[in-house]
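**Q** Below are the sequence and a predicted model; questions follow.
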Protein chains: 2
Amino acid sequence: MALIVQKYGGTSVADTDRIRSVAQRVIKTHSAGNDVVVVLSAMAGETNRLIQLAHQITDEPNTRELDVLLATGEQTTVSLFCIMLESMGCSAVSLLGHQANIITDTAFGRARIAEINADRIQDLLSQKKIVAIAGFQGRDQQGNITTLGRGGSDTSAVAIAAALKADICEIYTDVDGVYTTDPNICEKARKLEKVSYDEMLEMASLGAKVLQIRAVEFAKKFHVPVHVRSSFKEEEGTMVVEETEDMERLVVSGVAYSKDEARITLTKVPDHPGVASRILTPVGEAGIIVDMIIQNTRKGGLTDLTFTVPKADYQKAMSIQKEVAQSIGAEQVLGDEHIAKVSVIGVGMRSHSGVAAQTFAALAKENINIMMISTSEIKISCIIEEKHTELAVRVLHDAFALDSP
Amino acid sequence: MALIVQKYGGTSVADTDRIRSVAQRVIKTHSAGNDVVVVLSAMAGETNRLIQLAHQITDEPNTRELDVLLATGEQTTVSLFCIMLESMGCSAVSLLGHQANIITDTAFGRARIAEINADRIQDLLSQKKIVAIAGFQGRDQQGNITTLGRGGSDTSAVAIAAALKADICEIYTDVDGVYTTDPNICEKARKLEKVSYDEMLEMASLGAKVLQIRAVEFAKKFHVPVHVRSSFKEEEGTMVVEETEDMERLVVSGVAYSKDEARITLTKVPDHPGVASRILTPVGEAGIIVDMIIQNTRKGGLTDLTFTVPKADYQKAMSIQKEVAQSIGAEQVLGDEHIAKVSVIGVGMRSHSGVAAQTFAALAKENINIMMISTSEIKISCIIEEKHTELAVRVLHDAFALDSP
């Protein structure tokens, strides 16, 4: 007998038939003697429908009110889900974010969970009820409704699991686990049995879409074991857990990639102290997140500075840099949207040297040019030409023999 | 400068264009220096859409969860409305039932308002904000979401006006006021400038659909002046107010009708003491509301007992009575779904005799047979054949010269 938090995403509750399947799955777990808390997303497409409704009015809807609107999505799902469970003879209660005492800050649209008082949930569980909680939403100290941003239901689920000290948080999704790389571009991709929080964090931030970064951060901070698995299949998925010694035997656990970045270069920048700050500060002030930065020294006190930004912010960043280039006397601003970031990730890297060399060698062998490199303790990322993305992923997957456990 | 509560129904906020019109109207009132609280219904059709969604799952959805589902309707409207106001440069805040501290009992689907703490609304008004409150919903003492039942937004508006001691509660609807009778069947129908709470109560309970009965009860109890008017026109509608002396000069204010009842007769009932109770108790226990009752004595200790029930409960009431008839030894159970109730209403009736006689004479002149009669201080109702409804309404409208003020 365990306390289990299960989270189902939008595709798993897309219509009443799928809600029925989820209900059957939940009842099975409950009937086996477990306490079950279910966290649900909005039905697939619903959040976009609501956003479109707001955009019929204005391109920039008031953020407080947009959150009130979007919160109806998960509210609809939890009520339908409990209607389903009750119609199947199972006692269930829905809780909205504010009813479940999920307290957040007041950053509408991207609120962060500050605190969860789980007393009400505990009380309902002790009455043997199944508790369904609306994901993605909470309330601030003043009682305003807030939402956690896209993918926030993962975070809701892990945070609730942490508050309840649940035995496990199961994330049901449309993929059946975490893979060594994207199976769509590498047929040798293999499902991992387990992965550490840190590896999962790197994978999530480097482009793997299976779990939301903040959810993994929460899981790591509060030691919540997370099980990522398919809502359409019975078999086990991937456990995201504390690092264990046997994980280190594997040097590399996965290869991730992202096509969501663009590169900007300022050439022949007069190399005074503080010049990098003059280039990058206005980008940060515009709310644009800079990922990699490299600086090459030229002759004659000149330097080239290159950095990457999210592709969505590329145009804005370019026009900022054109002004900056003029004011600091740089020669020109070059931009490139056709780049990709390929990364190898693994906690075992810490104790193994040579992973970087092996990575570069593997790419070089296929004549894939590396434009930028960044490394951390457990990952190596390379910026390459976008057209080489799939090839690079397969080459690295082979180089580290990820297809065999 | 006044404190005004405005309520807009579902057709007034049916799409974003209509929401824009409502916003313009509200801004106009606010710009004139008034404090404005707006109570909104769900967009036309939305509540039915949600009910259908629940009925895809089961014919009898859990009532607590159905309320959670239905509450999304008004939540959507108030958020879109505030997004609209904010996009027009006007400071607005939406409040859901629980945020506005609308406390109800726990009768899901038909909850009654117990208390409203208006502090938060007052606070927002003092900041010169327009406050938009989701109608039809509240929360119980435990924090469960409740709804007030169909037409509950009228009740929300009047109750909020009472709690705020508002100068007026304006009910915007798709008709332009309260008429002497239904203009669709009597072209001489005239819009009333004002009507008393008691008259409005009778009209509402006798079939006029312009205001919800509970809203009128609230208005009467807390002396809230209500102005029923069109959301599509500028002109004044009808004031629903305390009775004044000049109202009594008018003997009859209006003619109402209803086709929502059915009649059941038990013939040759052995006339023992308590027999009426044996007939009607099981009907009441089945949750069926009996309206009129008449009993005719026959020869030989036998009696006929006739009563009316809502048409929706007719089949259920018939099958109950078939059992009852057997157990008490009545001859047979006759039913008639093709009846109508026509009523004349007026506070002036109290001090004028002869209204009943005049009513019966007018109907008799057209050979309209009266099957049952019931009277109160300010109304006379007759059950007639359904096919005569429209004719009866016009005849009575003429008989009391309601077309001239």
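**A** Good, I have the coordinates.
**Q** Any part of the lengthiest helix in chain A near chain B?
**A** The residue-count maximum for a helix in chain A (DSSP state H) belongs to helix A:63-87. Yes: residues of helix A:63-87 contacting chain B under Cβ under 8 Å from any Cβ of the partner chain: A:64-66, A:68-69, A:71-72, A:75-76, A:78-80, A:82-84, A:86-87. Where you see a C-beta, it was placed from the backbone N, CA and C, and this is true even at glycine.
**Q** Only whichever of those are buried, select them in PyMOL.
**A** Applying 16 or more other Cβ atoms under 10 Å in any protein chain shown to the residues of helix A:63-87 next to chain B, the buried members can be selected in PyMOL as follows:
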select buried, chain A and resi 64+65+66+68+69+71+72+75+76+78+79+80+82+83+84+86+87
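**Q** if we can go back for a sec, given the helix or strand just after the longest helix of chain A, what are its sheet partners and their directions?
**A** Moving toward the C-terminus from helix A:63-87, the first helix or strand encountered (DSSP states H and E) is strand A:92-95. Each strand paired with strand A:92-95, and its direction, by DSSP bridges: strand A:130-134 (parallel).
**Q** Quick one: residues in contact with the partner strand.
**A** Residues from elsewhere that reach strand A:130-134 (Cβ atoms under 8 Å, 6 or more residues apart in numbering or on different chains): A:26-27, A:30, A:36-40, A:71, A:74-75, A:77-78, A:81-82, A:85, A:90-97, A:100, A:102, A:121, A:124-125, A:156, A:160.
**Q** Could you tell me which residues within stretch A:234-250 count as buried?
**A** Result for stretch A:234-250 [16+ other Cβ under 10 Å]: buried residues A:237-241, A:243, A:247-248, A:250.
**Q** which outside residues touch it?
**A** Contacts for stretch A:234-250 (Cβ under 8 Å, 6+ apart): A:176-178, A:191-200, A:211, A:216, A:219, A:223, A:225-230, A:253, A:346-348, A:350-351.
**Q** Show me what secondary structure element comes after the lowest-mean-pLDDT helix or strand in chain A.
**A** Here the helix or strand of chain A ranked lowest by mean pLDDT, DSSP states H and E is helix A:245-249, holding a mean of 75. Where DSSP H and E defines the elements, the next helix or strand beyond helix A:245-249 is strand A:254-258.
**Q** what does the stretch 101-250 of chain A put close to chain B?
**A** A:143-145.
**Q** with those in mind, which one is nearest to A:Leu391?
**A** A:Leu391 lies nearest to A:Ile145 out of those, by Cβ to Cβ, at 46.8 Å.
**Q** In the stretch 201-350 of chain A, which residue sits closest to chain B?
**A** The stretch 201-350 of chain A approaches chain B most closely through A:Ser231 (18.4 Å), counting by Cβ to the nearest Cβ.
**Q** Neighbours of that residue, how many?
**A** Neighbour count for A:Ser231, taken as other Cβ atoms under 10 Å in any protein chain shown: 22.
**Q** Touching, it and A:Lys7? I think so.
**A** No: using Cβ atoms under 8 Å, A:Ser231 is not in contact with A:Lys7, being 9.7 Å away.
**Q** what touches both of the two?
**A** Listed contacts common to A:Ser231 and A:Lys7 are A:Tyr172; contacts here mean Cβ under 8 Å, 6+ apart.
**Q** Give me the residue ranges of the stretch 151-300 of chain A where confidence is low.
**A** A:248 (pLDDT under 70).
**Q** What segments of it are strands?
**A** A:168-173, A:194-196, A:226-230, A:238-241, A:254-258, A:261-270, A:293-297 (DSSP state E, counting those that start in this stretch).
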